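Engineer: Return atomic coordinates for the entry below.
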Amino acid sequence: MKKFLLQQSMRLHRWLLWSALVSLIVFVVSALSHPLMVWTGPQSLVFSPPSLVVEQQTMAIFSRQLGHPAVEQARLVKLVATKQGAMMQLSDAGGRRQYVSLQQGIGEEVDGSDRYDDRAQAIWLARYYTGEAADVEAVEWIDKFSTDYPSVNRLLPVYRVSFANDSGLSAYVHTETNALAGLNNHWKTSLQWVFKNLHSWSWLDYYPTLRVAIMLYLLLVLLALTASGVTLLLVLRRRHYRSAGQRFHRRLAWLVCLPLLGFIISGAYHLLQQQYGQGLQLAALPDVVRINGVVGVETHDVVGVLADQDQPLHQISVISHQGRAYLRASVAADKKSKLQREHDHYESPTSIRNQRFDGIGREQGGYYFDLPAMQPQTFSDRQVARSLALDYLQRRDFTLDDKDLTVEKVSRFGGGYDFRHKRLPVWKITLPQQSNDIIFVDTFSGLVVEHVTSAQQWEGVSFSQLHKWNMLTPILGREYRDALMVLVLLLALALAALGVVMRRR
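Structural biologist: Predicted structure coming up:
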């Protein structure tokens, strides 16, 4: 009986070893595809959205166009840069957008060109970011996340603009923010296929319980093997390892064991949080902005308030604050950088990536004017952000006092608010200790960008520090951090290969 149990235990141990080896190969090889995507995938020629300098005359025309009938049911009203110059953009509840010329009516021809709609805006943005001159093969409206456009991208709805060229270049553009949400080609798509199917196991998305069970099993056997290896490193002394191969295996294990444990634990935590935790609560357009009686408004007060500003006007929008509509005019952050960003081309893919990851605050502040009188208001972005957050929380049955909220401005990407959101600057609203949730608010569009719960914050810290090694970014930079991670993953594969060779011997 004792011999039988010993045999069965050895068989089980052997099975776990081979399962852990398969798990290591699957996860490490697929993980290597991610930095490859970053290093070798297509890069945009331009980082910043198209620039827009708003003259006082433009402000006056925009204000008069607020009396257009189409504005009455709009959820979001703003001035945006387009191929035809500055135009009023109107967004409905579903994210469909219309464009009003500052001279003509909605969708009408400008300077003899074709009618302008959201599809034309998407194509123009795709060409602006990529510099691609090839014909457009297809334009697809995307209003749901999928395996091809996962929720990690944050922005919805977007257009996928595909070009008819040999590389299969396609750009995902978000017309509300004029942002580039993603860039793909045949090579990057093949790397994404490896990552999605071997690292995230997206091919089992329709069977979530099975997907979690298999991935968790592979992670746990790899965790058990790594933990047992760490135990041997601590318990067995160096003299127990007689051959050169064993000694080299031991040295590699010391280098790999702790990073590997971090990858496994944070990966399992991420898997469970994504599947069973509360889902992401992303930006939703505000209620209808009611603007009544805006006919022939005067802008002398606007001119007077903004005359002392040394920087040009950067953006104009209409937002709802405490049940009333206000015009918001923002001032560019810096005149020199504003001019540079008009056609901001970078010398290398590395510099483009760094600009994209770091972000640039494009305004120094916003000024508010009531409608239709256009009288200047004394409240600030901080007060508007607090008000928008309280309104959002009250609709979700949170009972809070205004004084309970901590409000701070976010001008760069990083930490809990990264480059995938595309919006800067935003305001970070922290709830009291009993919930400790965080809300990010965009005062230019008058909406809540994201609501991050306390549980999501803990998981985000784990994934950021243990899985992506973001704590090394300020020290090494992103390129050297990624290179170090690749080196550790390759050493883990070498450790496994050496272990297999020694076991066969």
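Engineer: so Thr406 touches Thr430, yeah?
Structural biologist: Yes: under the contact definition of C-beta atoms under 8 Å, Thr406 touches Thr430, with a separation of 4.2 Å. The way it works is simple: take the backbone N, C-alpha and C, and place the C-beta from them, glycine included.
Engineer: what about the two, which has more around it?
Structural biologist: Set side by side, Thr406 and Thr430 show unequal neighbour counts under other C-beta atoms under 10 Å, the larger going to Thr430 at 16 against 12.
Engineer: With just CA atoms, put stretch 71-91 into CSV.
Structural biologist: As requested, C-alpha coordinates have been extracted for stretch 71-91 and formatted as CSV (Å, rounded to 0.1, in the frame of the first residue of the first chain):
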residue,chain,number,x,y,z
VAL,A,71,-28.7,72.1,-30.5
GLU,A,72,-31.9,71.7,-28.5
GLN,A,73,-31.6,67.9,-28.0
ALA,A,74,-27.8,67.6,-28.0
ARG,A,75,-26.1,65.9,-25.1
LEU,A,76,-22.7,67.6,-25.8
VAL,A,77,-22.0,70.8,-27.7
LYS,A,78,-18.5,71.8,-28.5
LEU,A,79,-16.3,73.5,-31.1
VAL,A,80,-13.8,71.1,-32.8
ALA,A,81,-11.2,71.2,-35.4
THR,A,82,-12.3,69.5,-38.7
LYS,A,83,-11.0,69.3,-42.2
GLN,A,84,-13.3,72.3,-43.0
GLY,A,85,-11.9,74.3,-40.1
ALA,A,86,-13.7,75.0,-36.8
MET,A,87,-17.2,73.5,-36.6
MET,A,88,-19.8,73.0,-33.9
GLN,A,89,-20.1,69.3,-33.0
LEU,A,90,-23.4,68.0,-31.5
SER,A,91,-23.4,64.6,-29.8
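Engineer: Can you show me the helices along the stretch 401-505 of the chain?
Structural biologist: 454-462, 473-476, 478-504 (DSSP state H, counting those that start in this stretch).
Engineer: ditto for the stretch 101-250 of the chain
Structural biologist: Secondary structure of the stretch 101-250 of the chain, counting by DSSP H, counting those that start in this stretch: helices at 118-130, 186-194, 208-235, 244-276.
Engineer: closest one to Ser48 among those?
Structural biologist: Put simply, out of these the one that sits nearest Ser48 is helix 118-130, at 9.8 Å, with distance taken as C-beta to C-beta.
Engineer: List the buried residues of the closest one.
Structural biologist: 118, 120-130 (16 or more other C-beta atoms under 10 Å).
Engineer: Kindly report the same for stretch 73-87.
Structural biologist: Within stretch 73-87, the residues that count as buried by 16+ other C-beta under 10 Å are 74-84, 86-87.
Engineer: Any regions of the stretch 401-505 of the chain where pLDDT drops low?
Structural biologist: Along the stretch 401-505 of the chain, segments meeting pLDDT under 70 span 401-402, 433-434, 502-505.
Engineer: Quick check: closest non-adjacent residue to the residue with the shortest distance to the centre of the chain.
Structural biologist: For the chain, the residue lying nearest the average C-alpha position, counting by C-alpha atoms, centre = their mean, turns out to be Arg420 (1.4 Å). On the basis of C-beta to C-beta, 6 or more residues apart in numbering, the spatially nearest residue to Arg420 that is not a chain neighbour turns out to be Arg154, at 4.6 Å.
Engineer: That neighbour and Arg396: what is the separation?
Structural biologist: For Arg154, the distance to Arg396 under the criterion C-beta to C-beta, to the nearest Å works out to 20 Å.
Engineer: is it true that Gln315 lies in a strand?
Structural biologist: Yes: membership of Gln315 in a strand is supported by DSSP: H, G, I helix; E, B strand; the rest coil.
Engineer: Begin at 4 from now on, thanks
Structural biologist: I'll keep to 4 as the first residue from here, and by that count the last item is Gln318.
Engineer: May I have the beta-bridge partners of it?
Structural biologist: Beta-bridge partners for Gln318, by DSSP bridges, are Ser333.
Engineer: ok, it touching Asp445?
Structural biologist: No: the pair Gln318 and Asp445 fails to qualify as a contact (C-beta under 8 Å) at a distance of 11.4 Å.
Engineer: What confidence value was assigned to Arg99?
Structural biologist: With respect to pLDDT, Arg99 scores 88.
Engineer: give me every residue that touches it.
Structural biologist: Contact analysis of Arg99 by C-beta atoms under 8 Å, 6 or more residues apart in numbering lists Asp121.
Engineer: Can you pull the phi and psi angles for it?
Structural biologist: Phi and psi for Arg99, reported as degrees, to the nearest 10, are phi -80, psi 140.
Engineer: Since that was my last question, I'll sign off now.
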